[in-house]
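J.: Please find the sequence and the predicted model below.
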Amino acid sequence: MPELFNPVDYAVPVFILLIIIEMLWARKKAPEKYEPKDTLTSLAFGTGSTVAGALTGGLVFAMMLWLYEHHLFEIGWAWWAWIACFVLDDLAYYVFHRSAHRVRWLWASHVNHHSSQHYNLSTALRQTWTGFIAVNFIFRMPLALVGFHPAMIAFCGGINLIYQFWIHTEAVGRMPRWFEAVMNTPSHHRVHHATNPRYLDANYAGVFIVWDKMFGSFTPETDDEKIRYGIVKQLGTFNLLYSVFHEWIGIAKDVWSAPWRHKLGYIWRPPGWSHDGSRETSDSIKARWQARRENQATPAE
Amino acid sequence: MEGALIELAKLGGSIAAILFLFWLARRLDLGGDLRIRDEAHARALADEAICGFEPVDIILDKAGMGALLKDAQGRHMLIRRHGAAFVARLLDRHSESRLDQNFLTIGTSEKTFGKVTLNLGKDAQYWAAGLRHMAV
């Protein structure tokens, strides 16, 4: 087994430098793209996430090693194994990410990444503290069972995370057409972070946008509508601890007060689901927007 | 032991970098001074918050820091500034309001959302009465 390092450790100084450059760009072009308190919150999320990862990473790695001991194929460390691992890890990320938007238990952790109303490079570092509780790690586990070494999976996961950093910006418009066709880009990922009804639940890709195109979740960015960022019900606070745990608190309250037969629904159904239909999911918001759009398009008789 | 020290040093470096970037964002005066410009702006913000919310009555805070809107169904929406963005909430009968001459202070049922004081001029009384008589 080759000696591997954590690529994210080496990327952090570059992250900081790029944030500084983007801040200087914002000062010149659009100061409202950054909000100091929001940036502070996002970066504190990032640091907290690293600490949480350090505390639980060993256990996750041990579980993956156990699975690897029972692997199905002898893959080893050949050059093509790295490419296969990276691509399959990105597919696993797509499945995780799509699930994280459709299952409230997973959303409770992932919502942290979306709760900023700003979209800049500091938003990229707005990472969850509760990924272990949400069992996010299970999505990568099958790779170990297939036969990829956990160290290789962790390394590819690190590269995936680094790639996703630069796409969190409004400073870059569109990339060349061939690049936009295959790779996740700032344009595609702006759509993913948007709360405009037309963009809800779209573009879950990590590195390769082709997954969204293959599985029907791709929506292109349009120039006709200004993008609004954040979550459907904006937080309205910069309180770090509340920002970290608000959805978990929401789940606890809902499960506590729901009738017995509906309790589990508040855990596994989509965010916004309620047993009495009093709340809105992204599907219902999108449907209302679509109906309104069609009404406006129909000429009055 | 050495590994733990390295991790602690990394954590210290991260915290120092965070504080530096926060300081820089403030120093560069990022964020700006966002205000609600007019009723059309408030209407657009309401539609962004709840797709299809069509206000029939709108009042803006004199300084543009917030707005109150009412739709045909009698629902009241509060919009207020949040950093360099706006946030909105539908008000319900659990919302509290306090009138002090031209100033109306409104608190939602969410503690973390905080209270907002709007300068509504002579219309403050009318809106305070509207909030008191909310059905839901």
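T.: Happy to help now that I have it. Numbers count the residues shown, from 1 in each chain, chains lettered A, B, ... in the order given.
J.: residue contacts, the nearest residue to residue B:88 once chain neighbours are set aside?
T.: Nearest residue to residue B:88, sequence neighbours excluded (C-beta to C-beta, 6 or more residues apart in numbering or on different chains): residue B:49, at 3.5 Å. Quick note: C-beta positions are derived from backbone N, CA and C, even for glycine. Residue B:49 makes contacts with A:234, B:77, B:79, B:87-88, as judged by C-beta atoms under 8 Å, 6 or more residues apart in numbering or on different chains.
J.: so where's the chain uncertain?
T.: All of this refers to chain A. For chain A, residues meeting the criterion pLDDT under 70 lie at A:299-301.
J.: try again with chain B
T.: B:135-136.
J.: hmm, 50 instead?
T.: Regions of chain B meeting the criterion pLDDT under 50 are absent.
J.: which element is residue B:5 on?
T.: Secondary structure from DSSP states H and E places residue B:5 in helix B:2-27.
J.: Show me what that helix is packed up against.
T.: Packing partners of helix B:2-27 (3 or more C-beta pairs under 8 Å, 6 or more residues apart in numbering or on different chains; DSSP states H and E): helix A:7-29, helix A:36-69.
J.: Relative to residue B:26, which of the contacts of residue B:49 is nearest.
T.: Of all these, residue B:87 has the smallest distance to residue B:26: 21.3 Å, by C-beta to C-beta.
J.: Within the helices and strands, which one has the closest one?
T.: strand B:85-91.
J.: now for that strand, which elements pack on it?
T.: Using 3+ C-beta pairs under 8 Å, 6+ apart, strand B:85-91 sits against helix B:39-49, strand B:76-82.
J.: Now do stretch B:68-75: distance from first to last residue.
T.: 10 Å (C-alpha to C-alpha, to the nearest Å).
J.: dump the residue contacts of residue 105.
T.: Unless you meant another one, I'm taking chain A. Per C-beta under 8 Å, 6+ apart, neighbours of residue A:105: A:134, A:251, A:267-268.
J.: that's the wrong chain, I meant chain B
T.: Contacts of residue B:105 (C-beta under 8 Å, 6+ apart): B:97-99, B:115-118.
J.: Just give the closest residue to residue A:46, not the sequence neighbours.
T.: residue A:125 (3.4 Å).
J.: Apart from its chain neighbours, what residue comes closest to the residue nearest the centre of chain B?
T.: The residue lying closest to the centre of chain B (C-alpha atoms, centre = their mean) is residue B:80, at 2.7 Å. By the measure of C-beta to C-beta, 6+ apart, the closest residue to residue B:80 outside its immediate chain neighbours is residue B:66, 4.0 Å from it.
J.: Would you confirm that the one you found contacts residue B:82?
T.: No - Residue B:66 lies out of contact with residue B:82 (C-beta atoms under 8 Å); the separation is 10.1 Å.
J.: Have a look at these two and say which one is more surrounded.
T.: residue B:66 (25 against 22; other C-beta atoms under 10 Å in any protein chain shown).
J.: ok, now how distant is that one from residue B:79?
T.: 6 Å (C-beta to C-beta, to the nearest Å).
J.: Mind listing the shared neighbours of these two?
T.: residue B:36.
J.: mind giving me the domain split of chain B?
T.: B:1-30, B:39-132 (automatic domain parsing).
J.: Could you say which of the ones you listed is packed most deeply?
T.: Mean neighbour count, computed with mean count of other C-beta atoms under 10 Å in any protein chain shown, is highest for domain B:39-132 among the domains of chain B, reaching a mean of 18.
J.: Now do the end-to-end distance for it.
T.: From its first residue to its last, domain B:39-132 covers 23 Å (C-alpha to C-alpha).
J.: Up against chain A, what does chain B have?
T.: Residues of chain B lying close to chain A (C-beta under 8 Å from any C-beta of the partner chain) are B:7, B:10-11, B:14-15, B:17-18, B:21-22, B:24-26, B:28-32, B:34, B:48-49, B:51-52, B:80, B:82-85, B:87-89, B:110, B:112-114.
J.: rerun at 7 Å
T.: Selection of chain B residues close to chain A by C-beta under 7 Å from any C-beta of the partner chain yields B:7, B:11, B:14-15, B:17-18, B:21-22, B:24-26, B:28-32, B:34, B:48, B:51-52, B:82-85, B:87, B:112-113.
J.: how about a markdown table for the domains of chain B, with distance to residue A:64 added?
T.: Shown next, in a markdown table, are those (distance: least, C-beta to C-beta, whole Å):
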| stretch | distance to residue A:64 |
| --- | --- |
| domain B:1-30 | 20 |
| domain B:39-132 | 37 |
